[in-house]
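**Q** sequence isn't available, so here's the structure alone:
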């Protein structure tokens, strides 16, 4: 064969192509084999190999992916909790919430008001008075719930109390939602939430003195918990009333709700926090919000628990992989 060199102009310079002339037995036929021809042949061979015997590489890749999936439970390959949103970094926040005297006073007052079984009127009035004294816009919403299967002979009538702390520096187009379901001491299923009432009111009193908030803070105290909160959410977003649930229109509104947090504490003396990130129909909260709660809890020596499992308890290798596979299914 004879080697040749071809120089062809290009828009940004000169391209030099090297090739080899190969003569076969027929003198009128000349084959040119260049770099591009070799690449196309290699590509075609790989395509035939993968299409003809694709079972073997698929099995290899599947096994490799399964092994890598199991290795993610190792501490060396697990990032645990981390923040991807710089605005939520815990180290950038100056913590000033230490008003233990106000928390204790609110707790004892709320506990006294929840001692009377079936009489929550004074508690609702007390919550509205405290929100008004702190400086929030206070509103009430009435709702009615009826269901032929759940409540065949009666209907539920309730009242939601909510307050709005307006942002002094923002455009009032975004809001954070804080919900606290009040319960009396005679609830046969769940514990009282007097601690949540005290902590939320004391927190609002502290936040009211801050001037750098860019979002409104909306706090809702729903009656009958899920039913009352559903009535408030539906009315807030302008949904249509149904045959089972009706409500009065909201007198006060804020902007788009960016995040929501529900507090349920029996006492203000918190030793551990159990986080439930799942919502209705399996909807999950923002992971950065969950990680913020976990980091703040660790910073104040409070044990954080997610769905009943402590985040600091790793266990042995077998139990870790079992929990890892269970959580991913």
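**A** Yep, that arrived. Only a predicted model underlies this, so the values are computations on that prediction, with no experimental measurement involved.
**Q** CA only for contacts and neighbour counts going forward, please
**A** Noted.
**Q** what separation do you get for residue 209 and residue 47?
**A** Distance of residue 209 to residue 47, computed by C-alpha to C-alpha, to the nearest Å: 68 Å.
**Q** looking at those two, which is more packed in?
**A** Using other C-alpha atoms under 10 Å as the criterion, residue 209 and residue 47 rank with residue 47 on top: 13 against 10.
**Q** make sure that one is indeed in a helix.
**A** Yes. Membership of residue 47 in a helix is supported by DSSP: H, G, I helix; E, B strand; the rest coil.
**Q** from residue 60, how far off is it?
**A** From residue 47 to residue 60 the distance is 17 Å (C-alpha to C-alpha).
**Q** same check, this time on residue 234
**A** For residue 234 relative to residue 60 (C-alpha to C-alpha), the value is 51 Å.
**Q** of those two, which one has the most company?
**A** In this view residue 234 and residue 60 are compared by other C-alpha under 10 Å, and residue 234 has more residues nearby, 16 against 10.
**Q** ok, the strand of greatest length in the chain: who's next to it in the sheet?
**A** The strand that spans the most residues within the chain, counting by DSSP state E, is strand 151-165. If you go by DSSP bridges, strand 151-165 pairs up with strand 137-147 (antiparallel), strand 216-221 (antiparallel).
**Q** average pLDDT across it?
**A** Here strand 151-165 scores 85 as its mean pLDDT.
**Q** what packs against whatever helix or strand comes next after it?
**A** Note on strand 151-165: by DSSP states H and E, the next helix or strand toward the C-terminus is strand 174-179. Secondary-structure packing of strand 174-179 (3 or more C-alpha pairs under 8 Å, 6 or more residues apart in numbering; DSSP states H and E): strand 216-221, strand 256-262.
**Q** list of residues touching strand 174-179?
**A** 215-222, 254-263 (C-alpha atoms under 8 Å, 6 or more residues apart in numbering).
**Q** how does it look with 7 Å?
**A** 215-221, 254-263 (C-alpha atoms under 7 Å, 6 or more residues apart in numbering).
**Q** what's the answer for stretch 234-254, then?
**A** 139, 141-147, 172-173, 175, 216, 231.
**Q** list only buried entries from those residues.
**A** When those are checked for burial by 16 or more other C-alpha atoms under 10 Å, the buried set is 139, 141, 142, 143, 144, 145, 146, 172, 175, 216, 231.
**Q** who's in contact with the nearest residue to the second one once chain neighbours are set aside?
**A** This means residue 141. Leaving aside its sequence neighbours, residue 141 sits nearest to residue 160 (C-alpha to C-alpha, 6 or more residues apart in numbering; 5.0 Å). With contact taken as C-alpha under 7 Å, 6+ apart, residue 160 is in contact with 140, 141, 142, 221, 222, 223, 228.
**Q** among those, find the lowest-pLDDT one for me.
**A** Among the contacts of residue 160, residue 223 has the weakest pLDDT, 89.
**Q** look at it and say how many residues are nearby.
**A** Residue 223: 22 neighbours (other C-alpha under 10 Å).
**Q** three-state assignment of it?
**A** coil.
**Q** surely it meets residue 158?
**A** Yes. Look at residue 223 against residue 158 with C-alpha atoms under 7 Å: they come within range, at 5.9 Å.
**Q** quick one: the helices in the stretch 1-150 of the chain?
**A** 35-52, 55-71, 100-113, 121-134 (DSSP state H, counting those that start in this stretch).
**Q** can I get those in TSV including mean pLDDT?
**A** Shown next, in TSV, are those (pLDDT from 0 to 100):
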stretch	mean pLDDT
helix 35-52	71
helix 55-71	85
helix 100-113	89
helix 121-134	93
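**Q** what's the closest of those helices to residue 198?
**A** helix 100-113 (4.7 Å; C-alpha to C-alpha).
**Q** show me what the closest one is in contact with.
**A** Looking at what lies outside helix 100-113 - C-alpha under 7 Å, 6+ apart - the contacts are 122, 123, 194, 195, 198, 199, 202.
**Q** nearest to residue 165, of those residues?
**A** residue 202 (13.6 Å).
**Q** OK, contacts around residue 257?
**A** 174, 175, 176, 177.
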